[in-house]
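**Student:** Build the 3D model from these lines:
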Amino acid sequence: MIILGLTGGIGSGKSTVAKVFERLGVPVFYADDEAKKFLFDERVKKKLLKQYGDIIFDSENNINKVELAKIVFTDASRLQKLNSILHPLLLHEFDLWCNRMQNNNSQLVIMEAAILFEANFSVKVDKVLTIIANKEDRIKRVMKRDKVNREQVEARINHQWSDAERAEKSDFIIDNSDNNMILGKIIELYDQLKIENSTD
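**Tutor:** Prediction:
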């Protein structure tokens, strides 16, 4: 089984690429979505309350992700604390998921993660595909998608690796800037990985 790491900066379109792979029958582990699920875990809530105070909780005692983001994306040490709580849980969940996929005889699976390299999740994968895109395209996409302002998007971008840094450590790169036709490139890569897996 080949484990492909799929990454890219915020707004690059990596989730869209992941959905295409899913349509091709490839199981995808969405690391960012899985990490958010842990915010509903009572043990995690207690740790976050101790770390950040009750300002990050709403009236129903749920984590207000907007308030949490405001705190962690303006303070690198606080972001590191959050990651130290969530990442071990996430990697354990990924290991369990991979075992299930192996038992299902999956030939190719994907871990989709924005911070694949920053969090050192890349040690869990065999190959890496990075999605790159023009920075202005990325900013506009995230502002529209998340209803946030330019400064908030740029703060998140500044906490991630650059496209050049990711590309240097990647096996495959797809440019998802506007007007780039990427479907053919995704299918071509899918076929290539199937061939590689069959010859291993």
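
**Student:** quick check: longest helix of this structure.
**Tutor:** As assigned by DSSP state H, the longest helix anywhere in the chain is helix 76-103.

**Student:** Sticking with residue 142, tell me its helix or strand.
**Tutor:** helix 135-146 (DSSP states H and E).

**Student:** Equivalent analysis for residue 4, please.
**Tutor:** Assigned by DSSP H and E, residue 4 falls within strand 2-8.

**Student:** quick one: buried residues of whichever helix or strand comes after that strand?
**Tutor:** Past strand 2-8, further along toward the C-terminus, the next helix or strand under DSSP H and E is helix 14-23. Neighbour counts over helix 14-23 (16 or more other Cβ atoms under 10 Å) mark 14-15, 17-18, 21 as buried. Every residue, glycine included, has its C-beta placed from N, CA and C.

**Student:** Check stretch 147-156 too.
**Tutor:** 148, 152-156.

**Student:** so how far is residue 19 from residue 127?
**Tutor:** 19 Å (Cβ to Cβ, to the nearest Å).

**Student:** With residue 134 instead?
**Tutor:** 21 Å.

**Student:** Ok, residue 171 next?
**Tutor:** Counting by Cβ to Cβ, the gap from residue 171 to residue 19 is 21 Å.

**Student:** Okay, now the unreliable bits of this protein?
**Tutor:** Scanning the chain for pLDDT under 70 picks out 179, 199-200.

**Student:** center of it, which residue is that?
**Tutor:** Ranked by distance to the mean C-alpha position of the chain (Cα atoms, centre = their mean), the top residue is residue 113 at 2.1 Å.

**Student:** contacting residues for the closest residue to it other than its chain neighbours?
**Tutor:** Distances taken as Cβ to Cβ, 6 or more residues apart in numbering put residue 31 closest to residue 113, at 3.7 Å, once the chain neighbours are dropped. By Cβ atoms under 8 Å, 6 or more residues apart in numbering, the contact list for residue 31 reads 90, 94, 111-114, 116, 121.

**Student:** do that again at 7 Å, thanks
**Tutor:** Neighbour list for residue 31: 90, 111-113, 121 [criterion: Cβ atoms under 7 Å, 6 or more residues apart in numbering].

**Student:** Which of these fall in helices?
**Tutor:** The helices, defined by DSSP H, take in residue 90 from the contacts of residue 31.

**Student:** I figured residue 126 hits residue 3, correct?
**Tutor:** Yes. Look at residue 126 against residue 3 with Cβ atoms under 7 Å: they come within range, at 5.0 Å.

**Student:** neighbour count winner among these two?
**Tutor:** For residue 126 and residue 3, the more surrounded residue by other Cβ atoms under 10 Å is residue 3, and the numbers stand at 19 against 16.

**Student:** For the more buried one, give its distance to residue 18.
**Tutor:** According to Cβ to Cβ, residue 3 and residue 18 sit 14 Å apart.

**Student:** Check residue 191 too.
**Tutor:** Distance from residue 191 to residue 18, counting by Cβ to Cβ: 17 Å.

**Student:** Kindly report the same for residue 168.
**Tutor:** Distance from residue 168 to residue 18, by Cβ to Cβ: 22 Å.
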